[in-house]
Structures are given as C-alpha cells and as structure tokens.
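Undergrad: Structure, please.
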Amino acid sequence: MLERLVKTVRDIVGIRDVRRRILMTFALLFVYRIGSHVFLPYVDIEKIEQRLKEDRGGLLQWVEYTSALTGGNLENATFFSLGIMPYITASIIMSLLVKVIPRLEALSKEGESGRRAINRYTRYGTVLVAIVQGIFIVIFLRSVFGEGDAKASIAIIDRDSPWWNTFTGGTQLLCLILGAVFLMWLGEKITDYGIGNGASVLIMAGIIARMPMAFAFLGREIANAGEDRPFKVVWALSVAVLFVAIVVAVVFITRGQRRIPIQQARTVRGRRVYGGTKHYMPLRVNSAGVMPIIFAQALVVLPPKLIAGVTGLAALGQYFNPGAFWYHVAYILLIIFFSYFWTTLMYNPVEIAKNIQEHGSFIPGIRPGRRTAEYLERIMSRITLAGAVFLALIALTPELVRGSLDVDYVVASLLGGTSMLIVVGVALDVVDKVEAQLLVRQYDGFVRGGGE
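TA: The predicted structure is shown next:
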C-alpha cells in the first residue's frame with residue numbers, strides 16, 4: 001500500500017502535464033482563499049462580529065452553515081459572500097430548460113459548439129442570479145445587522161442620508177456580483193486547466209478551511225471540562241469515531257456499483273469462432289455523486305433566508321433554519337429529486353441499449369433493443385433510490401449527532417453529514433481524475449517508446 005502511494009506521488013511529480021494541472025489547481029484555490037478575506041466596502045466588521053456573537057445559536061449558525069456549503073464567506077461580509085451558488089443555481093435552471101425547450105435540447109447535442117453555447121447562456125444566467133441574490137444579501141445585511149438603527153448599521157458612515165444609503169448599497173451589490181462572476185471564472189479554469197469539477201472543488205476547499213474550527217471546538221470542550229474531563233474525552237472520541245464511520249460509509253457507497261453482465265455475440269468464420277466474451281457494465285449506486293447535495297443546498301439554504309430578510313416575510317425564514325423540521329423535509333425531497341434528475345441527465349437507457357446492440361452484444365436473458373432499455377431503466381431506478389436514501393440519511397446525520405452527543409450544529413455539520421459527503425465525494429473524484437491522467441500519460445509514453 002505504502003509502495004503504491006509512493007509510486008503514485010513519484011509519477012505525479014515526474015509527469016509534467018499532471019504536475020502542471022495539480023499546481024494550477026492549488027494556485028487557483030490560493031487565489032480563492034485570498035479573495036475570501038477581502039471585505040465589502042462600507043462595512044464595520046467589528047459590529048458584524050458583535051451581532052453574530054449575540055445570536056450564536058440562531059443567526060451565526062445559519063450564516064456559518066450557509067457559507068460553508070456555498071463556498072462563500074457571508075459571516076465576514078466579503079466579496080465572495082454569494083459563493084459559487086449563483087453559478088450552481090444558473091446551472092440548475094439551464095439543465096431544466098435544456099430538458100423542457102426542444103431548441104436548447106437540440107443545441108446541447110451539437111457537440112463542442114453546442115456545449116460552448118450552453119455554457120455561455122449559463123454565464124449570462126449566473127450574472128442575473130447574482131444580481132437577484134446580491135440584492136437580497138445587501139437587504140439582509142442592513143436589516144439584520146442594522147436593525148433600523150444608524151448606530152448599529154454595518155455602514156461606516158451614517159445611513160440617514162438616502163443618497164448615501166443608495167450609493168453604499170449599490171457599491172456593495174456591484175462587489176457581490178463581481179465576486180460571484182470571479183468565482184465562476186475560477187471554477188471554469190479549475191475544470192479546464194486543473195483537476196476535478198471546479199465548482200465542487202471550490203466548495204470542498206471552503207469546507208476544509210472551516211474544519212479546524214470544528215476540531216478547535218472539541219479541544220476547547222475538553223480543556224474547559226474540569227472534573228468532567230474524562231467524560232469529555234470519551235465524548236470527543238465518540239465524535240471522532242462517528243466521523244471516521246461516516247467517511248467509510250461515504251466511500252463505500254460512492255464506490256459501490258451494480259455490475260450488469262454483457263455477452264458478446266458469437267460469430268463463426270470458417271473453422272474459427274469469434275466473440276462470445278463476457279464482460280460487465282458497472283452502474284454506480286450513487287451515480288449522481290455530490291451534485292444532488294449541492295443543488296439541494298442551492299435551493300433550500302439561501303433563497304428562503306433571503307426572502308425572510310424582506311419586511312413582512314421574516315416568519316418564513318424560521319421554518320427553514322438548519323435543524324428545523326420543514327428544512328429537513330424540503331432538503332430530503334430535493335436530494336431525492338435531484339438524484340433522479342442528475343442520473344437522467346447522465347444516463348440514457350435507450351442510447352445505452354442501442355450502443356450495446358450496435359456492438360453485437362446483449363444482456364443474457366434480455367432481448368436486445370426496447371427490452372434492454374426497459375431493463376436498464378428499471379435497474380437504474382432501483383439503485384438511484386438506494387443512493388438517494390443514503391444521501392438523505394447522511395444529510396440528517398448532523399441533527400442526530402447534535403441531539404445525541406450535544407455537539408454544536410455547525411461543528412456537527414462540518415464533521416459529518418453533507419459537508420463530509422461533499423469533501424469525500426469531491427476528493428474521490430479528484431483522485432479518479434488524477435489516476436486517469438496518469439494512465440493516459442503512461443500509455444502515451446509506452447506508445448512513443450514502441451514506435452521508436
């Protein structure tokens with residue numbers, strides 16, 4: 001095991017293109033982390049921190065949780081407060097439109113040119129979504145942190161002047177939009193020139209950056225335990241064991257697959273028999289990966305809270321606070337929906353059945369063509385349900401941990417549940433991409449060596 005790891009690291013360092021992609025990914029993530037600490041203009045960070053400390057269990061819980069799962073930094077009112085969510089939201093809308101509008105569906109099937117056109121529309125949509133979400137964020141910051149009092153306002157200079165209030169709000173909105181567009185650009189560059197899906201990698205980096213806070217919380221609980229320190233040590237070990245168990249479960253389900261046997265038809269030419277070989281087509285249990293979680297977060301976390309920042313709709317936000325009953329109901333339903341939705345986008349049983357038949361193969365016991373497509377659709381529906389239920393259970397883990405082990409909700413969310421699923425899922429995807437790059441480069445080297 002150790003020798004294989006050392007060999008893989010040596011291959012990564014030795015192959016120029018793989019090394020360049022990994023270094024590019026880290027460089028872009030470094031830029032992302034730097035930008036996460038650039039504050040919006042006309043804000044008083046000390047007043048924001050004071051307001052959050054006064055409402056540790058409510059407002060701060062939501063702000064930190066939202067920031068961790070959107071790749072933003074709303075608690076510090078930075079340029080990246082919106083995170084990558086405008087891009088994710090625009091991608092969801094565009095994916096739905098592609099399925100609904102025939103012209104867009106035809107455009108998506110035109111190869112590379114069609115993909116570029118869809119991406120261009122997604123960028124335009126990102127700007128529009130960023131404008132809408134940015135307006136609500138500015139209203140949220142001023143209504144929550146200002147509370148209608150000029151002295152408590154996040155604006156550094158008095159808010160009594162409507163012109164000054166409009167100017168500062170417009171400037172903050174522009175900065176939020178630019179931050180969201182810049183994160184979209186970073187994500188695309190990571191996808192094109194780095195390793196992994198850019199948006200997912202950015203969210204993973206944001207979660208990992210907050211994990212030391214969770215471990216520090218456990219350390220403080222032990223240090224301040226006094227006579228109950230032995231109990232607190234056992235408590236911290238229980239949290240750590242649960243953390244490891246969640247990681248193992250996520251890896252197990254992410255790597256789990258249903259293997260469909262594929263038999264190649266036999267052909268007789270003269271005295272020789274060709275074909276007849278048997279292989280397997282793997283169907284992953286969680287074929288959608290972390291995308292249902294990310295999509296569900298985009299719809300269940302931010303919009304209800306932004307709407308709640310509008311006067312007269314404040315009561316709505318209480319129903320969708322992390323940990324609330326309706327929050328979990330909406331979250332689970334959205335996860336299941338997007339699991340099927342994303343699987344439908346990625347797998348087309350009719351096309352798969354057609355390709356199997358065109359290659360002279362078949363599934364034993366299943367007639368080629370329509371029956372094969374129906375069989376594959378039935379299998380995919382079953383394993384997708386299993387994967388969606390697993391994702392929903394993982395999403396409920398923080399609530400169970402908080403109730404049984406008395407752990408802060410934000411800490412429980414970072415060490416388990418959705419956050420851990422995203423981190424492990426994206427990390428496995430990055431590892432797969434690195435291994436694919438290594439395999440391609442080694443194969444290229446072998447071919448060139450054989451030619452010489």
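
Undergrad: Show me the chain divided up by domain.
TA: Using automatic domain parsing, the domain parsing of the chain gives 21-194, 196-452.

Undergrad: Give the rounded mean pLDDT of the host helix or strand of Val389.
TA: Assessed by DSSP states H and E, Val389 sits inside helix 370-405. Across helix 370-405, the average pLDDT comes to 84.

Undergrad: likewise stretch 99-109?
TA: Averaged across stretch 99-109, the pLDDT comes to 84.

Undergrad: hmm, back to that, now the helix holding Val389, how far from the chain's geometric center?
TA: Offset of helix 370-405 from its chain centre (CA atoms, centre = their mean, to the nearest Å): 17 Å.

Undergrad: name the helices or strands packed onto that helix?
TA: helix 229-255, strand 257-264, strand 278-284, helix 291-300, helix 325-346, helix 349-358, helix 409-415, helix 418-451 (3 or more CB pairs under 8 Å, 6 or more residues apart in numbering; DSSP states H and E). (C-beta placed from N, C-alpha, C; glycine too.)

Undergrad: In CSV: those, plus mean pLDDT and mean neighbour count.
TA: As requested, those are exported to CSV (pLDDT from 0 to 100; neighbours: other CB atoms under 10 Å):
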stretch, mean pLDDT, mean neighbour count
helix 229-255, 81, 15
strand 257-264, 85, 15
strand 278-284, 84, 14
helix 291-300, 76, 25
helix 325-346, 84, 18
helix 349-358, 86, 16
helix 409-415, 68, 25
helix 418-451, 70, 16
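
Undergrad: So which of these is nearest Phe217?
TA: Closest to Phe217 of the helices and strands packed on helix 370-405, according to CB to CB: helix 409-415, at 4.9 Å.

Undergrad: how far away is the closest residue in space to Ser287 that isn't next to it in sequence from Ile131?
TA: Nearest residue to Ser287, sequence neighbours excluded (CB to CB, 6 or more residues apart in numbering): Thr343, at 5.3 Å. For Thr343, the distance to Ile131 (CB to CB, to the nearest Å) stands at 32 Å.

Undergrad: for Leu97, same thing?
TA: 19 Å.

Undergrad: neighbours of Leu396, just the number please.
TA: Other residues near Leu396 number 14, with proximity taken as other CB atoms under 10 Å.

Undergrad: actually Leu393, not the one I wrote
TA: 15.

Undergrad: residues contacting the residue most central in space within the chain?
TA: Most central in the chain under CA atoms, centre = their mean is Ile294, positioned 4.0 Å from the mean C-alpha point. Counting by CB atoms under 8 Å, 6 or more residues apart in numbering, Ile294 touches 88, 199-200, 203, 422.

Undergrad: So which bits of stretch 211-223 are buried?
TA: Using 16 or more other CB atoms under 10 Å as the test for burial, stretch 211-223 gives 211, 214-215, 217-218, 221.

Undergrad: Test my guess that Gln257 contacts Arg284.
TA: Yes: counting by CB atoms under 8 Å, Gln257 does reach Arg284; the two are 4.9 Å apart.

Undergrad: how about the helices in the stretch 51-200 of the chain?
TA: Assigned by DSSP state H, counting those that start in this stretch, the stretch 51-200 of the chain shows helices spanning 59-70, 85-100, 102-108, 112-146, 162-193, 198-223.

Undergrad: Show me what the third one is packed up against.
TA: Here helix 102-108 is seen to pack against helix 85-100, helix 112-146 when contacts are counted using 3+ CB pairs under 8 Å, 6+ apart.

Undergrad: Out of the ones you listed, indicate the one that is most buried.
TA: helix 85-100 (a mean of 21; mean count of other CB atoms under 10 Å).

Undergrad: looking just at contacts, which helices and strands does that helix meet?
TA: The elements that helix 85-100 packs onto, with contact taken as 3+ CB pairs under 8 Å, 6+ apart, are helix 102-108, helix 112-146, helix 162-193, helix 198-223, helix 291-300, helix 325-346.

Undergrad: Return the angle between stretch directions for the last one and helix 370-405.
TA: So that's helix 325-346. For helix 325-346 against helix 370-405, the angle by axes from the mean of the first three to the mean of the last three CA atoms, to 10 degrees is 150 degrees.

Undergrad: hmm, back to that, can you tell me which of the helices and strands packed on helix 102-108 comes nearest to Tyr347?
TA: Between the helices and strands packed on helix 102-108, helix 85-100 lies closest to Tyr347; by CB to CB that is 14.0 Å.

Undergrad: Run through who's touching the closest one.
TA: 70-72, 104-105, 108, 118, 121-123, 125-130, 133, 180, 183-184, 187, 199, 294-295, 297-299, 302, 341, 345.

Undergrad: ok, back up a step: put together CSV for the helices and strands packed on helix 102-108, with distance to Ile246 on each row.
TA: CSV is the format used below for these (distance: least, CB to CB, whole Å):
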stretch, distance to Ile246
helix 85-100, 24
helix 112-146, 31
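
Undergrad: what about the residue lying closest to Gly425 once chain neighbours are set aside, distance to Leu128?
TA: Closest residue to Gly425 apart from its sequence neighbours, by CB to CB, 6+ apart: Val290 at 3.9 Å. The gap separating Val290 from Leu128 is 25 Å, by CB to CB.

Undergrad: ditto for Phe39
TA: Noted for Phe39: a distance of 25 Å to Leu128, by CB to CB.

Undergrad: same thing with Asp44?
TA: Counting by CB to CB, the gap from Asp44 to Leu128 is 30 Å.

Undergrad: What pLDDT is listed against the residue lying closest to Gly387 once chain neighbours are set aside?
TA: Nearest residue to Gly387, sequence neighbours excluded (CB to CB, 6+ apart): Asn286, at 3.9 Å. pLDDT, Asn286: 82.

Undergrad: Repeat that for Ala265.
TA: 72.

Undergrad: gap between it and Met85?
TA: In terms of CB to CB, Ala265 sits 49 Å off from Met85.

Undergrad: how much space is there between Val426 and Ala395?
TA: Distance from Val426 to Ala395, by CB to CB: 16 Å.
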